[in-house]
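In: Need coordinates for the below:
(one chain, ligands or ions: 1)
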Amino acid sequence: MPDTRERLIVALDVPNAPEARNIVAMVGDSAQIFKVGKQLFTAEGPQVVRDLVASGRDVFLDLKFHDIPNTVAAAVSQAAKLRVRMLTVHASGGLRMLKAAVAAADSNSAVAPSRRPLILAVTVLTSLNDEDLPEIGVSGRVLDQALRLADLARTAGCDGIVTSAREVRELRRELGPGFIIVTPGIRPAGTAQRNDDQERAATPAEAIAAGASHIVVGRPITAAPDPAAAARRILDEIASACPVPA
Ligand code: C5P
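Out: Residues are numbered from 1 along each chain as shown. This is a model prediction of the structure:
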């Protein structure tokens, strides 16, 4: 039985390192991978990542790089040096940018391949819906765009994608097994928080059953009275949805 903790990513969406440390301590051994996003990274810089890695945690660096290929490659190199486990880039940066990110991860990990960060491409932001796409010059539905960008990411050699729960089933069918699909917008079964800002929320079991390899969960764990217990309940939901590895 695979470690279900490998499939849960806890989002540290807090404004400073002490709050992040507090959450990590409260979660304890109930989670292994922690997401550092733009808020915490902008406030505290790379030291917050170094501290997590030094304490034996895995870091998902969610800075969604989107720039010219050379700049993204340089940023990925720095992230690899921080020994993050996974990081995000925007698939809409295009094939050359994605390939540059993958190449930078490869070259910075030549000495220790096990430390190569996984490159995950964000398809369509979960905040966008079908009506928003024409405004940014995209025709078709969110699902079409997510499929197009997922295909681009795979062609570029990325390790996986980030996509909303709503598109997971079709994307898994299209991409087959083995490609990482990370899904945010998760609300555990029976939670009172289902209507935060999670228009397209799914339960952990729904997301995993639909084909997500990993789920990102923030407030249902970090704002819970007992974050460790909340995380363990989610691990149970993951296990019940998928007894076999994705
Ligand atoms: O809502 P929650 O606190 O679980 O969010 C955790 C993370 O999931 C956030 O850091 C955000 O990046 C991501 N998220 C998302 N789309 C949503 C909700 C959250 O991408 N609809």
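In: tell me which parts of the protein are close to the ligand?
Out: Residues of the chain that fall close to the ligand, judged by C-beta under 6 Å from any ligand atom: 11, 13, 37, 126, 184-186, 196, 198, 216-220. C-betas here are computed from N, CA, C, even on glycine.
In: Can you tell me which residue of this structure sits closest to the ligand?
Out: Gly218 (2.3 Å; C-beta to the nearest ligand atom).
In: Buried subset of the residues of the chain next to the ligand, written for PyMOL?
Out: The PyMOL command for the buried members of the residues of the chain next to the ligand (criterion: 16 or more other C-beta atoms under 10 Å) is given here:
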select buried, resi 11+13+37+126+184+185+186+198+216+217+218+219+220
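In: how deep is the closest residue to Ala156 other than its chain neighbours tucked in, by neighbour count?
Out: Excluding the flanking residues, the one nearest Ala156 by C-beta to C-beta, 6 or more residues apart in numbering is Leu98, at 3.4 Å. Counted with other C-beta atoms under 10 Å, the neighbours of Leu98 add up to 26.
In: So Leu98 sits against Ala150, correct?
Out: No - Leu98 sits out of contact with Ala150 when judged by C-beta atoms under 8 Å, with a separation of 11.3 Å.
In: quick one: which of the residues of the chain next to the ligand sit in strands?
Out: Of those, the ones assigned to strands by DSSP state E are Ala11, Gly37, Val216, Val217.
In: which residues does the residue nearest the centre of the chain contact?
Out: In the chain, the C-alpha nearest the mean C-alpha coordinate belongs to Val182, at 4.9 Å (C-alpha atoms, centre = their mean). Contacts for Val182 (C-beta atoms under 8 Å, 6 or more residues apart in numbering) come out as 9, 60, 86, 120, 160-163, 212-216.
In: For my notes, please list the residues you listed in CSV and give pLDDT and secondary structure for each entry.
Out: Listed next are the contacts of Val182 as CSV, based on pLDDT from 0 to 100; DSSP: H, G, I helix; E, B strand; the rest coil:
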residue, pLDDT, secondary structure
Ile9, 98, strand
Phe60, 98, strand
Met86, 98, strand
Leu120, 98, strand
Gly160, 98, strand
Ile161, 98, strand
Val162, 98, strand
Thr163, 96, coil
Ala212, 97, coil
Ser213, 97, coil
His214, 97, strand
Ile215, 97, strand
Val216, 98, strand
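In: Out of those residues, the closest to Gly137 would be?
Out: Proximity of the contacts of Val182 to Gly137 was ranked by C-beta to C-beta; the top entry is Thr163 with 20.2 Å.
In: Can you report how many residues neighbour the closest one?
Out: Around Thr163 sit 31 other residues, with neighbours defined as other C-beta under 10 Å.
In: One more: Ile208?
Out: Neighbours of Ile208 under the rule other C-beta under 10 Å: 25.
In: ditto for the one 3 residues further on
Out: Each residue near Gly211 was counted by other C-beta under 10 Å, and the total is 22.
In: My read is that it contacts Glu174, right?
Out: No - judged on C-beta under 8 Å, Gly211 makes no contact with Glu174 at a distance of 10.0 Å.
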